[in-house]
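Chemist: Just a sequence and a predicted model for now, questions to come.
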Amino acid sequence: MDTKLAAVSPRPQTTHVRMLGVLNREAYQAAFLDTPGYIGRARDEMDRRMSQEGARALEEADVAVLVVEPRTPGDVERYFAEDLVRRGIPAIVAINKVDSVAKEALLPVIEAYSRLDAFVEIVPISALRSDGIGLLMELVVKRLPEAGPMFPPDQITDRSERFRVIEMVREKLFRLFYQELPYATAVTIDEWVDESTNHGGKTHIAIRIHPEKDSQRLILLGKGGLALKEVGVQARGDIETLLGKQIFLELWVKARPQWRRDPAFLRQLGMAD
Ligand SMILES: Nc1nc2c(ncn2[C@@H]2O[C@H](COP(=O)(O)OP(=O)(O)OP(=O)(O)O)[C@@H](O)[C@H]2O)c(=O)[nH]1
Ligand SMILES: [Mg+2]
């Protein structure tokens, strides 16, 4: 994609809903569906909805790309490989982060994936350095059916501007609280006023962060509210780039017990039933 659409962080389960990204090139249009990764046994309604996002995307896909770490496949990778074979979708495995391993270490990984006999292509890539991405695109596009574009050329995603603003805040939370942040932290927009006269004509955005427990609120605030302030500083930069204008960003933290089990709230977060 040419534009940043969603949160990226070292924490697993950063992606919580399926997200569309449309790539328009002169010769083709390719629609990518990014989904949450492996969830395992669902502990609550949120887990259940996250796992089904991947399965649903596969039902619509012409090609699947499994993005994996640069190490030999474990149980999770084997599970996905078998699932893809069962579904009969042409599947490419992209071995990512090759920048972080020695070339010699990569060969046994490629061999192990090839022995799984589940993939039509095995492509080493580095998303960080954009290595191998061109080749990966070529291999994907070659397997797309011939058809007219599915989306108008100016549509790059199916998620709203508000959703992407929330993603920017989630990303900072996941990155800054890498160790201590509970998975049960949601983000919503309370208020959005364009050209707010109360805020010097800037766009006023009030965001609420919802941990599940009140004790977690203190972690998010940090000493003297400094931790939360840092989230605000970093998120504001990204949001201003996204919106192309200055904003006045307000962050609030309030515990919302058991929200991971609350269907109405999960729907509000953009997670399909
Ligand atoms: N060294 C290196 N790190 C990378 C590369 N690509 C991604 N990362 C890092 O890997 C971490 C995970 O990236 P994400 O995009 O959140 O991964 P994901 O697979 O979508 O994970 P979830 O959304 O949590 O399921 C981030 O810290 C990225 O910066 C790469 O090519 N090389
Ligand atoms: Mg992700």
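Modeler: Ah, there it is. Bear in mind that the values here come from a model prediction, so they are computed numbers and not experimental data. Ligands and ions are numbered 1, 2, ... in the order given.
Chemist: Can you name every helix or strand that the helix or strand hosting residue 190 contacts?
Modeler: Taking DSSP states H and E as the definition, residue 190 sits inside strand 185-193. For strand 185-193, the elements it packs on are helix 161-176, strand 203-211, judged by 3 or more C-beta pairs under 8 Å, 6 or more residues apart in numbering; DSSP states H and E. For every residue, glycine as well, the C-beta is placed using N, CA and C.
Chemist: how about the CA coordinates for the last one, as PDB?
Modeler: Spelled out, that is strand 203-211. The C-alpha trace of strand 203-211 is given here as PDB (Å, rounded to 0.1, in the frame of the first residue of the first chain):
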ATOM      1  CA  THR A 203     -10.300  19.900  14.700                       C
ATOM      2  CA  HIS A 204     -11.200  18.800  18.200                       C
ATOM      3  CA  ILE A 205     -11.000  15.000  18.800                       C
ATOM      4  CA  ALA A 206     -11.800  13.500  22.100                       C
ATOM      5  CA  ILE A 207     -10.800   9.900  22.500                       C
ATOM      6  CA  ARG A 208     -11.600   7.400  25.200                       C
ATOM      7  CA  ILE A 209      -9.400   4.500  26.100                       C
ATOM      8  CA  HIS A 210     -11.100   1.600  27.800                       C
ATOM      9  CA  PRO A 211      -9.100  -0.900  29.800                       C
END
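Chemist: any idea of the mean pLDDT for that strand?
Modeler: When pLDDT is averaged over strand 203-211, the result is 97.
Chemist: That strand pairs with which strands, and in what direction?
Modeler: Partners of strand 203-211 in the sheet, by DSSP bridges, are strand 185-193 (antiparallel), strand 247-253 (parallel).
Chemist: So what angle separates the directions of the last one and helix 161-176?
Modeler: For strand 247-253 against helix 161-176, the angle by axes from the mean of the first three to the mean of the last three C-alpha atoms, to 10 degrees is 60 degrees.
Chemist: same deal with the first one?
Modeler: With the same axes, to 10 degrees as the basis, strand 185-193 and helix 161-176 are set at 140 degrees to each other.
Chemist: Using CSV, please lay out the strands paired with strand 203-211 together with mean pLDDT.
Modeler: Putting those into CSV (pLDDT from 0 to 100) gives the following:
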stretch, mean pLDDT
strand 185-193, 96
strand 247-253, 97
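Chemist: Looking at those strands, which is nearest to ligand 1?
Modeler: Nearest to ligand 1 among those is strand 185-193; the distance by C-beta to the nearest ligand atom comes to 13.7 Å.
Chemist: got the CA coordinates for that closest one in CSV?
Modeler: This file holds the C-alpha atoms of strand 185-193, laid out as CSV (Å, rounded to 0.1, in the frame of the first residue of the first chain):
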residue,chain,number,x,y,z
THR,A,185,-7.9,-2.2,25.9
ALA,A,186,-10.3,-0.6,23.4
VAL,A,187,-10.3,2.8,21.9
THR,A,188,-13.4,4.9,20.9
ILE,A,189,-14.1,8.4,19.7
ASP,A,190,-16.3,10.5,22.1
GLU,A,191,-16.3,13.7,20.2
TRP,A,192,-15.1,15.1,16.8
VAL,A,193,-15.7,18.7,16.0
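Chemist: got a pLDDT number for the residue nearest to residue 180 when sequence neighbours are not counted?
Modeler: Distance criterion C-beta to C-beta, 6 or more residues apart in numbering; nearest residue to residue 180, sequence neighbours excluded, is residue 219 at 5.4 Å. Looking at residue 219, its pLDDT stands at 90.
Chemist: Likewise for residue 40?
Modeler: So residue 40 comes in at 88 (pLDDT).
Chemist: again with residue 13
Modeler: So residue 13 comes in at 89 (pLDDT).
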